[in-house]
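*Asks:* Fold the following.
(one chain, ligands or ions: 1)
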Amino acid sequence: MNKKIGVLVSGRGSNLQALIDRLPGLPLEISVVISDVPTAFALERARRAGIPALVIEAGGKSRQEFELALAGALCQYEVDFTVLAGFMRLMGPQFLAQAPGPVINIHPALLPAFPGMHAQAQALAYGVKVSGCTVHFVDEGMDTGPIIAQRAVPVLDSDDADSLAERILEQEHILLPEVVGLVAAGRVVLENKKVRIKGE
Ligand code: GRF
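*Replies:* Coordinates of the predicted model:
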């Protein structure tokens, strides 16, 4: 049976779109898309695909209320797990305790290097020759949870943050649907804070 997922977004939603485009080949359906930003283009992408699209704003709520509202909505849609796809907030213990199932995130750097905001600019400023993207389980830290999979790209002398971000984004659009499919198929096993992919 198909798994149900919830996707949390804050912006343009190109990773959400990559997931939507790959849905026919994946053992899952997207039950709900939730944005903390009412103007996020990701909401429009969800609606176009016929997926329920909700806005839950942080403003006017305590952090705890916000996190419980998000987790409550995910429970209401009976999701098996949650994907943060360009969701620009650090989620705390309340959310992680109440969210139905694991939470995974995509980050535009090869973690544990360059967590947090502006990862591509951080990579350029450091002078690394290779960067990439990481899909990982979310824990209470900033991009610190167990790594599920990564894809690498070269960093060129001619790069600025935008050109590097674009090269990484192409790989994000491959990696995220692949990993979400593996999680949905029950092939991602977490043992002692390390991830093993069954059948590889
Ligand atoms: C991506 O680079 C993602 O890794 C990061 O935020 C960006 C979101 O892009 N967390 P989009 O909204 O999926 O287009």
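*Asks:* pLDDT averaged over stretch 136-143 - what is it?
*Replies:* What stretch 136-143 shows for mean pLDDT is 96.
*Asks:* pull the CA atoms of that stretch into PDB?
*Replies:* Extracted C-alpha coordinates of stretch 136-143, given in PDB (Å, rounded to 0.1, in the frame of the first residue of the first chain):
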ATOM      1  CA  HIS A 136      19.000  13.400   6.500                       C
ATOM      2  CA  PHE A 137      16.700  12.600   9.300                       C
ATOM      3  CA  VAL A 138      15.800  15.600  11.400                       C
ATOM      4  CA  ASP A 139      16.800  15.700  15.000                       C
ATOM      5  CA  GLU A 140      16.700  18.700  17.400                       C
ATOM      6  CA  GLY A 141      20.000  20.200  16.100                       C
ATOM      7  CA  MET A 142      20.500  22.400  13.100                       C
ATOM      8  CA  ASP A 143      21.000  20.000  10.200                       C
END
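*Asks:* Could I get the buried residue list for it?
*Replies:* 136-139, 143 (16 or more other C-beta atoms under 10 Å). Using the backbone N, CA and C atoms, a C-beta is placed for each residue, glycine as well.
*Asks:* Is there proximity between that stretch and the ligand?
*Replies:* No. Applying C-beta under 6 Å from any ligand atom, one finds stretch 136-143 separated from the ligand by no less than 9.1 Å.
*Asks:* Not counting that stretch itself, show me its contacts.
*Replies:* Outside stretch 136-143, the residues within contact range by C-beta atoms under 8 Å, 6 or more residues apart in numbering are 84, 90-93, 96, 102-105, 107, 111-112, 115-116, 134, 145-148, 190, 195.
*Asks:* Next, find the distance separating the closest residue to the ligand within the chain from residue 98.
*Replies:* Nearest residue of the chain to the ligand, counting by C-beta to the nearest ligand atom: residue 86, 2.7 Å away. Between residue 86 and residue 98 the computed distance is 22 Å (C-beta to C-beta, to the nearest Å).
*Asks:* So between these two, which is more surrounded?
*Replies:* residue 86 (21 against 14; other C-beta atoms under 10 Å).
*Asks:* That one and residue 7 touch, don't they?
*Replies:* No. With contact defined as C-beta atoms under 8 Å, residue 86 and residue 7 do not form a contacting pair (9.4 Å).
*Asks:* ok, residue 84 - contacts?
*Replies:* 7-8, 91, 103-106, 138.
*Asks:* What spatial separation is found between it and residue 45?
*Replies:* In terms of C-beta to C-beta, residue 84 sits 16 Å off from residue 45.
*Asks:* Name the residues contacting each of residue 86 and residue 7.
*Replies:* residue 16.
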